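K.L.:
this is a predicted model, with the sequence first.
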Amino acid sequence: MNFKKKDMYFVSTILFLMFFSIACQQSPAPEFNESVSVLCVLQANSKKQIAFVHRTTKYSTDIFQSGGKAHLIEILEPLFYYTASVSILKNDHQYDFRIERVNVMEGNYHQFVLQTDSTLIHPGESYKLWVKTEDMEIQGNVIIPGEFRIISPVEDQHVQHGQDVSLTISWEVSAHAELYRIFLYSPTIWSPDSTLIQRGRETLLAETSDTTVGDLMVKLDYPGEYRIKVLAFDRNFFKHYIENVDRVGLNNGYGVLGSVVADSVRFIVD
Amino acid sequence: MRVQYFVNLNFWFIFLIVVLYQIDVSAQNKIKFSGKILDRETRQSLQGVEIFISNTTLHAISDKRGEFAITVPPGNHIIKLKMMGYQEFSDTIHIPLNVTRFYQQFLMVPIVYRGETVFVVAERFKSNLNPMVHSISIPMMNKIPIFAEADPFRAMQYLPGITSINDYSGELYLQGGNSDQTMILYDGVPVFNPYHLGGLFSTFNMDNIERIDLHPAGYGAAFGEGLSGIVNIIPRTEISRTKKFKASIGLLNSKVFTQFPLGKGTLGIAARRTYFDVVSRIIKEPNAYYFYDIQGNYSFSFGKNNFFALSTLFSKDVLKNTNISPKAPSWGNWILSLQWKRVLKKIFYLESQIYLSQSVMNAQNDRSNGQQINVDNYVQTQGWKGHLFLESGNHVFQSGFDLKQISIHYQWRIFNAYDLENFIDPPQNAFFDYAPPEYRYRKKPIFYALFFQDNFRLNQKLFIIPAVRATYSSLSENIDWQPRFSIRYVVNPIVNFQFSYGTYYQYMYTLKQNDGKTIIRPFSVLFVSDRQDGTQPLKANHYVGKIEFRIQPNLFGEIVLYHKSLFRIPTVMNELPHFKRYPHTASGFSLLVKKEKGLFNGWVGYNYSKSIVKTSFPFPAGYERRHSLKVVLTLSFPKGWEFSSNFFLTSGLPYTPVIGVRTKIIDPSSLPVPETIYGDINSAHFPAYHRLDIGIVKKWGNKKNHTWELRFQIFNIYNHKNPLYYDKFSVNNEFNLPLVPTINLSYKR
């Protein structure tokens, strides 16, 4: 039996079907659809809460160019959602945020602010966030991490000054916390003739999920009162910041409803 | 989806018609032609001889009494008999018109060379024992138009079911699996980084390869640890009294191969080297790169029943920079193996092998400007394995062991060495995704493996192969049992069906995603599953069905359906700065129609493959090419002219599209920052990849066996711009290889 005309018909049909099926496979990137990005990290034991509501935008390389704070303001301000309303719900009470204009050296920007006379957000409690725009309603839930204390160093502990001083910092577990940030606050140092030697500053020492950081080599060049502060962030913030998840603690849009609790101690450098 | 479903139904329907049509035609003939085939010297019956009747689709295989029966039309026919270890037999027979039966006896002449008994018996035991194995012919591969240098891995990418990630990569993705799930062996010895130029070519010189055994999904118990399959490169280890010599010169490199009798055996040596560094020196470019490799084999026999083969392979890539001292980055492999094969009374056959395989990357540069590169990476295995075959009645029992130790040592410090970018800085390009600039990893696991397999022939048509492999790893502290099972049913001389099931474990893996962006991968770090790290070995279950059919004596067809469930597969994702383990599935089917002999030959292959990562939001694997069509064609003309061409049409690779920009908070006391919004993982695809390569070969020579060959080839002749990778908002930034002409001159005698 030879390979004849009708066999060629079969083969060419099969080839055609193969070409056709391969052509069907192509799927281009989806079109951009505008949405809303909500960012709010509730700060326990604070009288001021801040939230940002922005429109999402199309991708452009210009957005990601490095240009400092001025560039950031230039990018963010046109996206700010002025007509949005933001509220916190606690025990059937609604607390509404207002828009605040912030003036900094690099320019002006806007944010939503909730200023209260007493502290509204408490460790270990649950809160709801409600954001409403013309096109979208977003609800969020968060559990504030539990109260905790720094174990070491103890308040007013004395440490000898030096270029590389070994510090071990430990603290209690904060319930529902997933990430801890440890800051060192150094004092402003003046010479006896009133010359500025060192401006007071905040240094991020570590970021960890553990409850201790050992043998940190820290610059404690000058005697004075220093402070260690530990911030305990909840799981929502961890997923937003570390895992870069698009939406955490919210039912719609993009962004995060997170929370943070802090503790700090003073120690003396001799 | 509906369209594709419709397409696939049509496709199967038409192929079934083709197969059934062929079966029907073959059943119309009248005269029963039977015969017996004997060894001319020993007069022993020969089992497994293939019988072909020219110009028909008729074909048979002799049974254990050396007998066969086939129904033929009356008239003159050319009969051909073929069996490994024997000279091909061809003769004209006359089948009279007025008979219903016709009988004839045939004698086949054994190929005489030392060690012949071992080879004949080995082939008899090995052929048809692993139904899923493919032996790939080197002469056919040599004809395929190639990019710059004939390479077995790049040639294998032309087969259906084997895909590549881009034109720069020779890595093999078998039937929907990842490239690190393809175990590469050189004569049965594992090779950890078998590539030159960071993946562009394999380290294996085609001139020194006897054949390539491809064991895709559903392979037997003699092998393990390749979750998606095994590629075993078999070097030339025949014992021959004939001297052979081949030298060739090309644009990329020059190579030489020689084989000659030495003492009681045969020595074969193959070597090649590139010229990039010479060109760099001429144009005074400080960066110079070259690679070379040497392969050597010495085979000898003691008597007729003992055969020994000593094989080695050494390969090295060097990146020189005249401004850097003292030690340029280099990487490569060294393999050493000693094999012993022994036959006892032709029913008992054993193979034993001791081996060592080492893959190394080194760099040591401390420069005045503070830039520093220190790399000291190696992975080495040494082992001993044995394989026993015993024939008893309708059974062929196989049993064996593999004992090995692997030493893994990775240590590097790489900071800001920008002038070596794309080679070893950043370390993610060379070693693994998210590799830190400073790293150290050491392990020394021991593996013990035992296997047993029974090839049981129930009757002339039905073969059943139950098997089990057990592997113990000192790091997982567990015995992993791997049951395997195959069944083969020979419907008639034209069609046979096979089904295989198997469980497979793999202990080593890479942590590289396939974004297409990293095209140079000089040393992909392999990690090992360790109970102490909380990592268990990767596991897979394979289900494979296969239909083989013969359309004409030289025209074969094959349909393979496969499904693999893979577990604990390390998966690196774009947006996670670490990897997680997820189950994967790989399923699909492939079709192959192949013509191997004659003036016109080649194949058409189609593959449908679906590789899914099964997270809570399943997505296609980054290396998935759902459809691929490959057409390979060679034509031989008078006076030594040959024309060849390949055509590739495959689905574009999937990618994760960017769909916008949102805001992100880093520090609650600071302003938000912009952040990219990605769409669903791998939810978009590049445009379909297509390419045509052509080659023209002219051969000439004289009666003293001096042969010259001039090869001119063009890769991607219509210079199609196939996108290479996706960069946030565009797929058109960089492309796969453009039109590349290659010229090569070789001399052979």
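P.N.:
Good, I have the coordinates. Numbers count the residues shown, from 1 in each chain, chains lettered A, B, ... in the order given.
K.L.:
show me what the helix or strand where residue B:675 lies is packed up against.
P.N.:
In the assignment (DSSP states H and E), residue B:675 maps to strand B:673-678. Other elements packing on strand B:673-678 under the criterion 3 or more C-beta pairs under 8 Å, 6 or more residues apart in numbering or on different chains; DSSP states H and E are helix A:68-76, strand B:658-664. To be clear about C-beta, it is placed using only N, CA and C from the backbone, and glycine gets the same treatment.
K.L.:
angle of the longest one against strand B:658-664?
P.N.:
Interaxial angle of helix A:68-76 relative to strand B:658-664 (axes from the mean of the first three to the mean of the last three C-alpha atoms, to 10 degrees): 120 degrees.
K.L.:
sheet partners, orientation included, of the following helix or strand past helix A:68-76?
P.N.:
Sequence-wise, the next helix or strand downstream of helix A:68-76 (DSSP H and E) is strand A:85-90. The pairing partners recorded for strand A:85-90 under DSSP bridges are strand A:93-96 (antiparallel), strand A:126-132 (antiparallel).
K.L.:
what residue is smack in the middle of the chain?
P.N.:
In the absence of a named chain, this looks at chain A. The centre of chain A sits closest to residue A:241, judged by C-alpha atoms, centre = their mean, with a distance of 5.3 Å.
K.L.:
my question was about chain B, not that one.
P.N.:
Residue closest to the average C-alpha location in chain B (C-alpha atoms, centre = their mean): residue B:231, at 3.9 Å.
K.L.:
please name the bridge partners of that one.
P.N.:
Here residue B:231, judged by DSSP bridges, has bridge partners residue B:184, residue B:214.
K.L.:
picking up where we left off before, and the strands paired with strand A:85-90 as CSV, adding mean pLDDT, distance to residue B:561 and mean neighbour count?
P.N.:
Putting the strands paired with strand A:85-90 into CSV (pLDDT from 0 to 100; distance: least, C-beta to C-beta, whole Å; neighbours: other C-beta atoms under 10 Å in any protein chain shown) gives the following:
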stretch, mean pLDDT, distance to residue B:561, mean neighbour count
strand A:93-96, 93, 61, 11
strand A:126-132, 95, 52, 18
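K.L.:
turn those strands into CSV, columns for distance to residue A:35.
P.N.:
Below are the strands paired with strand A:85-90 laid out as CSV (distance: least, C-beta to C-beta, whole Å):
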stretch, distance to residue A:35
strand A:93-96, 23
strand A:126-132, 12
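K.L.:
how about the stretch 151-300 of chain B: which residue is closest to chain A?
P.N.:
residue B:160 (10.7 Å; C-beta to the nearest C-beta).
K.L.:
that residue: what's it in contact with?
P.N.:
B:590-592, B:605-607, B:628, B:630 (C-beta atoms under 8 Å, 6 or more residues apart in numbering or on different chains).
K.L.:
show the buried residues in these.
P.N.:
Buried subset of the contacts of residue B:160 (neighbour count, 16 or more other C-beta atoms under 10 Å in any protein chain shown): B:590-592, B:605-607, B:628, B:630.
K.L.:
quick one, phi psi at the closest residue to residue B:445 other than its chain neighbours?
P.N.:
Excluding the flanking residues, the one nearest residue B:445 by C-beta to C-beta, 6 or more residues apart in numbering or on different chains is residue B:475, at 4.4 Å. Per-residue torsions, residue B:475: phi -90, psi -40 (degrees, to the nearest 10).
K.L.:
and residue B:475, how far is that from chain A?
P.N.:
26 Å (C-beta to the nearest C-beta, to the nearest Å).
K.L.:
which residue ranges of the stretch 51-200 of chain A form strands?
P.N.:
A:85-90, A:93-96, A:98-104, A:107-115, A:126-132, A:137-143, A:150-152, A:157-159, A:162-171, A:177-186, A:189-190, A:196-198 (DSSP state E, counting those that start in this stretch).
K.L.:
pull out the buried positions in the fourth one.
P.N.:
I take that to be strand A:107-115. A:109-112, A:114.
K.L.:
packing partners for that strand?
P.N.:
Applying 3+ C-beta pairs under 8 Å, 6+ apart, we find strand A:107-115 packed against strand A:48-55, helix A:68-76, strand A:85-90, strand A:98-104.
K.L.:
before we move on, the earlier item: for the residue nearest to the centre of chain B, what are its contacts?
P.N.:
Residue B:231 touches B:153, B:156, B:172, B:174, B:182-185, B:212-215, counting by C-beta under 8 Å, 6+ apart.
K.L.:
go on, residue B:526?
P.N.:
By C-beta under 8 Å, 6+ apart, the neighbours of residue B:526 are B:180, B:192, B:379, B:408, B:508-510.
K.L.:
mind giving me the PyMOL command for buried ones among those?
P.N.:
Command for PyMOL that selects the buried part of the contacts of residue B:526, burial taken from 16+ other C-beta under 10 Å:
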select buried, chain B and resi 180+192+379+408+508+509+510
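K.L.:
what about the contacts of residue B:526, which are in strands?
P.N.:
B:379, B:408, B:508-509 (DSSP state E).
K.L.:
can I get those in JSON lines including distance to residue B:471 and pLDDT?
P.N.:
Below are the ones in strands among the contacts of residue B:526 laid out as JSON lines (distance: C-beta to C-beta, whole Å; pLDDT from 0 to 100):
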{"residue": "B:379", "distance to residue B:471": "18", "pLDDT": "96"}
{"residue": "B:408", "distance to residue B:471": "18", "pLDDT": "96"}
{"residue": "B:508", "distance to residue B:471": "12", "pLDDT": "94"}
{"residue": "B:509", "distance to residue B:471": "15", "pLDDT": "92"}
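K.L.:
make a markdown table from these and add distance to residue A:232 to it.
P.N.:
Below are those laid out as a markdown table (distance: C-beta to C-beta, whole Å):
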| residue | distance to residue A:232 |
| --- | --- |
| B:379 | 42 |
| B:408 | 39 |
| B:508 | 40 |
| B:509 | 36 |
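K.L.:
ok, of those, which one's closest to residue B:350?
P.N.:
Nearest to residue B:350 among these: residue B:508, at 28.1 Å, using C-beta to C-beta.
K.L.:
find the residue closest to that closest one in space, skipping its chain neighbours.
P.N.:
Nearest to residue B:508 is residue B:526, by C-beta to C-beta, 6+ apart, at 4.5 Å.
K.L.:
pLDDT score for that neighbour?
P.N.:
Predicted confidence (pLDDT) for residue B:526: 92.
K.L.:
that one and chain A: what is the separation?
P.N.:
27 Å.
K.L.:
could I get the phi/psi values of that residue?
P.N.:
Per-residue torsions, residue B:526: phi -100, psi 130 (degrees, to the nearest 10).
K.L.:
ok, so what distance separates it from residue B:68?
P.N.:
Remark: distance between residue B:526 and residue B:68 (C-beta to C-beta, to the nearest Å) = 49 Å.
K.L.:
residue B:287 now?
P.N.:
64 Å.
K.L.:
go ahead and confirm residue A:228 touches residue A:153.
P.N.:
Yes: in terms of C-beta atoms under 8 Å, residue A:228 counts as a neighbour of residue A:153; the distance is 6.5 Å.
K.L.:
ok, the closest residue to residue B:555 other than its chain neighbours - contacts?
P.N.:
Counting by C-beta to C-beta, 6+ apart, residue B:595 is the residue found nearest to residue B:555 once chain neighbours are left out, at 5.0 Å. For residue B:595, the contact set (C-beta under 8 Å, 6+ apart) comprises B:554-556, B:601-603.
K.L.:
what ranges do the helices span in the stretch 351-500 of chain B?
P.N.:
With helices called from DSSP state H, counting those that start in this stretch, the stretch 351-500 of chain B shows them at B:427-430.
K.L.:
of all of it, which residue lies closest to chain A?
P.N.:
Counting by C-beta to the nearest C-beta, the stretch 351-500 of chain B gets nearest chain A through residue B:494, at 10.8 Å.
K.L.:
for that residue, which non-adjacent residue is closest in space?
P.N.:
Using C-beta to C-beta, 6+ apart, the closest residue to residue B:494 is residue B:550 (5.0 Å).
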